[in-house]
Structure formats: structure tokens, C-alpha cells
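let's see this in three dimensions:
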Amino acid sequence: MGPAQAAMGPNDKFDLVVKGGEVLDPSQSLRAKRDVGIRFGLIEALDLDIPETRAQRVLDASGKLVLPGLVDLHAHAYPYGSAIGIPADETVPFSGVTTVVSAGDAGANNLAALRRHIAAQTRTRMFAFVHIANHGLSGFPVAELHNIDHAQVEACAMVIAENPDFVIGVKVRMSENVIFKHGVEPLKRAIQACEMSGRPAKVMVHIGGVETAELMSRILDLLRPGDILTHCYSGAPNNTGQFTNIVQDGKLLPAALEAKRRGVVFDIGHGGGSFDFTVAEAAIAQGAPPDTISSDLHVFSGNTPGMPFLPWVMSKFLPLGFSLEQVVAMTTSVPARVIDRGAKLGTLQVGAPGDVSVMELVDGPVNFVDTRRNARSGTAHLKPVQTVNTGVVFGRPFQSPFAVR
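Residues are numbered from 1 along each chain as shown. As a prediction, the model looks like this:
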């Protein structure tokens, strides 16, 4: 429970009013013109009109979309401690993200450094999945789970238990180039660590090209309701060039459909090599649509043709048949629930942290590519304009005509 706040009196002012925009908040089934009043870092009001005289500062959002602060369920935000980590705050002008989840950058040995030296000094709100490998994600030159002895269950469970306000659960990468010939053992250890922790911790499972087609079904069968299948529409081959993903020969694996039905979360995790339009189209048509859209943004993926900044990844799902409301839900209210923060994050409800992503929906022809160079055309895309984190405008407007006055 946070500190008690006094009710606003007639002469009290909001610290910030985001004014004149079209609020789109799936958590409240709301899409309408509203002003957002923020005071003491929290949403204080969501009204048709808040006079400028009631505001210390005004962010003019006329003609733009006003969304809850975006929640990126899968990114790599451990700079200096990981070969691929990128500072979360530096990406905000391009992403509109106010809450980021570090997807296994740190393991039991270095989770404290991620928490104390990165998260504590980052304005972007941060949570983490701790890697089942003690030293975290280390793809170069040898991946972290080639040696299964790095997967220490008790150490991982202890870190989950000791960090309930920061750690969501356990990350494990299951593609063949990471786990070598260890089959489902790394996943079993990740699940065991969650259960040993005594918390309702979740497993985030990275898939790509796994060793065999049969192994993909075994992975899916082990996942529990609430566990997360990230890179769910990966089309990456395994080490021998076989396509062993959830869609094989154009057909969705029965194990994938069963996982979806029992509540496994299907997460995009676009990245630089993990999103294939052809896999997505087949899986969606056969009953396995995504639950959450995430970026898998890191120092390498951010420079790939697929451009996995979250608003751009969101835009790729508009030509796949999803409404703007659905796409926004998959990056706000739904991932907030997945990390068990649905009551306060990913929403503009009164009392929630004052996190706002102002976006422009740019109409006009646009071309998208996935990570396998498949192209699709669209008619609009989302462009980040300004981001507000706990009531404070984040940096300066990035090439924007908006003024905070």
C-alpha cells in the first residue's frame, strides 16, 4: 500500500495534464476523447475536459492517441552486464515503453547487480525473469546451457524467493544452439526452481529451432497454465536446417493448440531472428493467436531489418487482422496481468501510476518485414510521440511538434 494522498481541493492543481488526445485504454474498454490528470505520480482524473488552469504543466496530445504506458514483456535491458543488453531509458523515444521485463539477462549469480546497479538507476520500471543458468544469458562464444551444470535449481529458487517484488519467474532458452543435446532437462529444472521457490513463479521459454520436431511437442506438453512461450512464431531452423517450430509443414502442432487451450501465454518476442509471418499466419488461423506482443529488443536486434521497437512490432499485427484495441491490449493490460501487476500497470484507471504513451497512428502505405525477410504491406503504423513515466514527461519530445507548457 502506498502513502495516503489528500483529496484534491478546488484550488489544487494537477502536476501534469495530458490534454486533447483520444484515450485508448483496453483495461477500461475505453476509446474516447479524454484528458488525463496526474498528481503525485498517479492518475488522479480521466475527464472530458480538465481546464489548463488546473494544471502545473500541460502536454498537448491533440490529434494523437493516448495509451497506457506500454509494457514490454521481453527485452534485454542489462547493459554492461550482458553482451546484448541495451539501456532501457535510451530506447524510450523510439518505443513508448514505461515498464520493461528483462528476459533472463541475469542468473542467480548476477541478479543482484542487475537489480542494484541497473534497475535502481533506470527511470523505466523494470522487472526480470532470472535465468536458470547461474550466470545468465551468454550466447557468445558458447551459449549458457551447453554445460547443463550451469542450471542450478536451488540457487535459482532462492533468488526467486528473495526478490518477490522484482523477479517474475525463470527464463530458459530451449533452441538447439543453446541447449546442445540436453532435451527437456533445462526446462524441467526451470519449472522445478519455480515450484521450489514457494512463489507462483512462471517460466518464460524461448523457442526457435529445437533439436527435433518431437522435442518441440515435449516442450509444449511440459508448460503449465500461465507459463510463457516466447518467440512463439519463430521460423528459425535448428542446427541441421530443419524447421521444428510450432507450425510444421503448414500445420499447427496439436501440442501447441493444447498448450494454448490450457492457458499458456503465447508471446511474440520479435527480436532479430524470431518472428516469421508465415508461422504467425498459420498459427493464428488454426487457433493459436498471440496473447502478448513484445520486442526482444537488444543491441543486435535493434539494427536488423525487422526493426523490433515495440510500436513497429505492434503495427505488424494490424494487417494480420487484429484491431488497434487488441494490439494495444497485448502491450498494456495483458502483459501487466502476466507479470501479476494488472491492477496498476497497463491501465489509465484512477489510482494507477501516471504512465502514458502518446502515439500517432500514421495512415498510409507501409511495408513490414519479418526476421526471415518475408514482407507484408499495411495501411497504417504507430509512431511514438511522447512518453510519461510516473507523471513526469520523459526527456524532450523526439522530433515532435508537441510542447509541454
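
tell me the mean pLDDT for stretch 83-92?
For stretch 83-92, mean pLDDT is 94.

just the C-alpha atoms of the lengthiest helix in the chain, please, in PDB.
If each helix of the chain is counted by residues according to DSSP state H, the longest one is helix 185-196. The C-alpha atoms that make up helix 185-196 are tabulated as PDB, following Å, rounded to 0.1, in the frame of the first residue of the first chain:
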ATOM      1  CA  GLU A 185      16.200 -31.200 -18.900                       C
ATOM      2  CA  PRO A 186      16.800 -27.400 -18.800                       C
ATOM      3  CA  LEU A 187      13.000 -26.700 -18.900                       C
ATOM      4  CA  LYS A 188      12.400 -29.300 -16.200                       C
ATOM      5  CA  ARG A 189      15.000 -27.500 -14.000                       C
ATOM      6  CA  ALA A 190      13.400 -24.100 -14.600                       C
ATOM      7  CA  ILE A 191       9.900 -25.500 -13.600                       C
ATOM      8  CA  GLN A 192      11.400 -27.100 -10.600                       C
ATOM      9  CA  ALA A 193      13.100 -23.800  -9.500                       C
ATOM     10  CA  CYS A 194       9.700 -22.000  -9.800                       C
ATOM     11  CA  GLU A 195       8.000 -24.700  -7.700                       C
ATOM     12  CA  MET A 196      10.800 -24.800  -5.100                       C
END
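
buried residues in stretch 338-353, which are they?
Neighbour-count burial for stretch 338-353 flags Val338, Ile339, Asp340, Arg341, Gly342, Leu345, Gly346, Thr347, Leu348, Ala352, Pro353 (criterion: 16 or more other C-beta atoms under 10 Å). Glycine gets a C-beta too; all of them are placed from N, C-alpha and C.

between those, which is closest to Gly37?
The closest of the buried residues of stretch 338-353 to Gly37 turns out to be Leu348 (C-beta to C-beta; 10.5 Å).

setting aside sequence neighbours, what's the nearest residue to that closest one?
Distances taken as C-beta to C-beta, 6 or more residues apart in numbering place Asp25 nearest to Leu348, at 4.6 Å, with adjacent residues excluded.

next, count neighbours for the one you found.
The tally of other residues near Asp25 (other C-beta atoms under 10 Å) stands at 25.

name whatever forms a beta bridge with it.
Applying DSSP bridges to Asp25 gives these bridge partners: Leu30.

on that earlier part again, make a markdown table out of the buried residues of stretch 338-353 and add secondary structure and distance to Gly272.
Below are these laid out as a markdown table (DSSP: H, G, I helix; E, B strand; the rest coil; distance: C-beta to C-beta, whole Å):
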| residue | secondary structure | distance to Gly272 |
| --- | --- | --- |
| Val338 | helix | 23 |
| Ile339 | coil | 24 |
| Asp340 | coil | 29 |
| Arg341 | coil | 28 |
| Gly342 | coil | 30 |
| Leu345 | coil | 27 |
| Gly346 | coil | 26 |
| Thr347 | coil | 31 |
| Leu348 | coil | 32 |
| Ala352 | coil | 33 |
| Pro353 | strand | 31 |
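
pick the one among these closest to Arg54.
Leu348 (17.7 Å).

list the contacts for that closest one?
By C-beta atoms under 8 Å, 6 or more residues apart in numbering, the contact list for Leu348 reads Val23, Asp25, Ser27, Gln28, Leu30, Val36, Ile43, Leu46, Val66, Pro68, Val356.

Asp49 now?
Asp49 neighbours (C-beta under 8 Å, 6+ apart): Asp35.

can you add distance to Gln152 and give the buried residues of stretch 338-353 back as JSON lines?
Listed next are the buried residues of stretch 338-353 as JSON lines, based on distance: C-beta to C-beta, whole Å:
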{"residue": "Val338", "distance to Gln152": "26"}
{"residue": "Ile339", "distance to Gln152": "24"}
{"residue": "Asp340", "distance to Gln152": "25"}
{"residue": "Arg341", "distance to Gln152": "28"}
{"residue": "Gly342", "distance to Gln152": "31"}
{"residue": "Leu345", "distance to Gln152": "31"}
{"residue": "Gly346", "distance to Gln152": "33"}
{"residue": "Thr347", "distance to Gln152": "37"}
{"residue": "Leu348", "distance to Gln152": "42"}
{"residue": "Ala352", "distance to Gln152": "37"}
{"residue": "Pro353", "distance to Gln152": "35"}
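
just the residues you listed: which has the poorest pLDDT?
Gly342 (93).

measure the spatially closest residue to that one that is not a sequence neighbour to Leu345 for me?
Leaving out its chain neighbours, the residue that sits closest to Gly342 by C-beta to C-beta, 6+ apart is Ala336, at 4.6 Å. Distance of Ala336 to Leu345, given as C-beta to C-beta, to the nearest Å: 4 Å.

joint contacts of the two?
Val71, Thr99.

just say helix, strand or coil for the residue nearest to Gly342.
The local conformation at Ala336, judged by DSSP: H, G, I helix; E, B strand; the rest coil, is helix.

just the pLDDT for Lys188.
pLDDT, Lys188: 98.

correction: the previous question concerned Val404.
If you check Val404, the pLDDT there is 54.

over to Pro10?
Listed pLDDT for Pro10 reads 78.

what does Arg396 give?
54.

same question for the one 3 residues further on.
What the model reports for Gln399 is a pLDDT of 43.

quick one: Leu111 and Ile50, what's the gap?
Counting by C-beta to C-beta - Leu111 and Ile50 are separated by 42 Å.

the two - which one has more neighbours?
Leu111 (27 against 20).

wait, isn't the more buried one in contact with Met158?
No. The criterion here is C-beta atoms under 8 Å, and Leu111 misses it with Met158 at 10.1 Å.

shared neighbours, these two?
Residues touching both Leu111 and Met158 by C-beta under 8 Å, 6+ apart: none at all.
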